[in-house]
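Asker: Sequence plus the predicted model coming up.
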Amino acid sequence: MSVAPPKLRPLSRRHPTVRAVARRWRALTGGPETRDPDRRTLVACSAGPDSSALALALAAASPDSVVIAHILHDLRPSAEAAADRDLTRDLASELRVPFAQAEVRVADLRGNAEGHARRARYAALAQLAAAHGCPYVATAHHAADQLETILLRLIRGSGPRALAGIRATRSLGDVTLVRPLLHLTPGELRAVCDDAAWTPAHDRTNDDTSRARASMRHGVVATLLARHPHAAERAAESAELIADAGDLVEHEAAALFERAKGGAGTEAPSPYGIVLDRRVLAEAPSIVLGEVLRLAHHRLLSGERRARLRASELRRVAAQIGARECAHRETALAGVRVRLTPELVEITPDV
């Protein structure tokens, strides 16, 4: 005989964390000029403490604007996955908000199973959001997730785009993904569940330290937070500053790209490559040249053909472009060939 879930203790709109989440959610979904009915949001909920707290907070702030969604996938035992789905549905029922679900299958795909699951999950969330009239999807990434992400990317030698960590918003096609919890800690989110008398699920895969993120979380991040309890919030603040700096570099790179293209005469058709004026590029800082190369790379390659660019590779080729000797040179860069002459930089697909 199943045990009924506990009745929720209603959260006040004046609850400090509810207010913080609602304020951030409204800022990310149109600002003060947008009415709550026009920012209807599909809340991705795994039944865990973080996403349950997000659902609880948004439902307390604006219940008519919330749909709770759960995505089933086949990377966990089916009984565990179904139990979390059922608990999420119970939460939606207790909150008296709509519930939606979808199922994705990725276990048989080759390559990174977690990456496949993440992409499939976002695609399913976007479809559910459109079906339920939600222009926004909200996920429960928080400050500790941000700290983990920055550290993982730091040890990979990433550039400013990646070191900005998890962005507060991103496009999912016709809907926008928002992350209203990036300045809140897991402790604050667990407290929301406690205050609402809600017992969330525990996903055992988060304890698997053979995975890079779980190893980081239970190892160096746990040690860091024990010594510096506010490290996650500080990392979230730093991530915003790095994101602003990265946006500035991208803006400068886009303008430089257009000037260099004009200086070379014209941009060749895509199958033949992109031709830029090396003399225009040569005086730019290396970090801006790297973004110019990234922009050209993205224009030439798409989908599975687009390999990941490493910051070290971009620095290497940028240094060649800015070298004073202006020698003829040809080099490979993640799926493209970069040919240098004293006057030009020609970038073509490596076929």
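Answerer: Ah, there it is.

Asker: which phi and psi does residue 141 have?
Answerer: The phi and psi values for residue 141, taken as degrees, to the nearest 10, are phi -60, psi 130.

Asker: can you map out the strands along the protein?
Answerer: Taking DSSP state E as the criterion, the chain carries its strands at 41-44, 66-73, 99-104, 136-138, 169-172, 175-178, 274-277, 329-333, 336-340, 344-349.

Asker: Please tabulate those in CSV, including the columns mean pLDDT and distance to residue 160.
Answerer: Bear in mind the C-beta positions are built from the backbone N, C-alpha and C, glycine included. What follows is these, written out as CSV (pLDDT from 0 to 100; distance: least, C-beta to C-beta, whole Å):
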stretch, mean pLDDT, distance to residue 160
strand 41-44, 98, 28
strand 66-73, 95, 31
strand 99-104, 94, 32
strand 136-138, 98, 26
strand 169-172, 95, 17
strand 175-178, 98, 21
strand 274-277, 93, 22
strand 329-333, 89, 19
strand 336-340, 92, 21
strand 344-349, 92, 22
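
Asker: so which of those is the most packed in?
Answerer: Most buried of the strands of the chain by mean neighbour count (mean count of other C-beta atoms under 10 Å) is strand 41-44; its value is a mean of 28.

Asker: The strands of the chain: which one's closest to residue 9?
Answerer: strand 66-73 (18.0 Å; C-beta to C-beta).

Asker: Each with direction, which strands does the closest one pair with?
Answerer: Sheet partners assigned to strand 66-73 using DSSP bridges are listed as strand 41-44 (parallel), strand 99-104 (parallel).

Asker: pLDDT below threshold where in the stretch 201-350 of the chain?
Answerer: 263-272, 303-306 (pLDDT under 70).

Asker: Mind putting the strands of the chain into JSON lines with distance to residue 13?
Answerer: JSON lines is the format used below for the strands of the chain (distance: least, C-beta to C-beta, whole Å):
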{"stretch": "strand 41-44", "distance to residue 13": "16"}
{"stretch": "strand 66-73", "distance to residue 13": "13"}
{"stretch": "strand 99-104", "distance to residue 13": "22"}
{"stretch": "strand 136-138", "distance to residue 13": "17"}
{"stretch": "strand 169-172", "distance to residue 13": "24"}
{"stretch": "strand 175-178", "distance to residue 13": "19"}
{"stretch": "strand 274-277", "distance to residue 13": "53"}
{"stretch": "strand 329-333", "distance to residue 13": "53"}
{"stretch": "strand 336-340", "distance to residue 13": "53"}
{"stretch": "strand 344-349", "distance to residue 13": "54"}
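
Asker: what about residue 217, how many neighbours?
Answerer: 21 (other C-beta atoms under 10 Å).

Asker: Kindly report the same for the one 4 residues further on.
Answerer: By the criterion of other C-beta under 10 Å, residue 221 has 20 neighbours.

Asker: out of everything not next to it in sequence, what's closest to it?
Answerer: residue 148 (5.7 Å; C-beta to C-beta, 6 or more residues apart in numbering).

Asker: how far away is the one you found from residue 220?
Answerer: Per C-beta to C-beta, to the nearest Å, residue 148 is found 9 Å from residue 220.

Asker: For these two, indicate the residue with more neighbours.
Answerer: Set side by side, residue 148 and residue 220 show more neighbours around residue 148, with 21 against 13, by other C-beta under 10 Å.

Asker: isn't that one right next to residue 217, touching?
Answerer: Yes - taking contacts as C-beta atoms under 8 Å, residue 148 lies within contact range of residue 217: 5.9 Å.

Asker: Just the pLDDT for the nearest residue to residue 153 once chain neighbours are set aside.
Answerer: In space, residue 153 comes closest to residue 162 once its chain neighbours are excluded; the distance is 4.5 Å by C-beta to C-beta, 6+ apart. pLDDT recorded at residue 162 is 88.

Asker: coming back round to it: nearest to residue 112, of the strands of the chain?
Answerer: Nearest to residue 112, of all the strands of the chain, is strand 66-73, at 13.8 Å by C-beta to C-beta.

Asker: Distance from the chain centre to that closest one, please.
Answerer: 18 Å (C-alpha atoms, centre = their mean, to the nearest Å).

Asker: How about residues contacting that strand?
Answerer: With contact meaning C-beta atoms under 8 Å, 6 or more residues apart in numbering, strand 66-73 is reached by 40-47, 55, 58-59, 81-82, 84-85, 88-89, 91-92, 95, 97-106, 117, 120-121, 124-125, 128-129, 132, 134, 137.

Asker: when you check these against the helices, which ones overlap?
Answerer: Using DSSP state H, the members of those that fall within helices are 55, 58-59, 81-82, 84-85, 88-89, 91-92, 95, 117, 120-121, 124-125, 128-129.

Asker: Residue 7 reaches residue 197, doesn't it?
Answerer: Yes - assessed by C-beta under 8 Å, residue 7 is found in contact with residue 197 at 7.2 Å.
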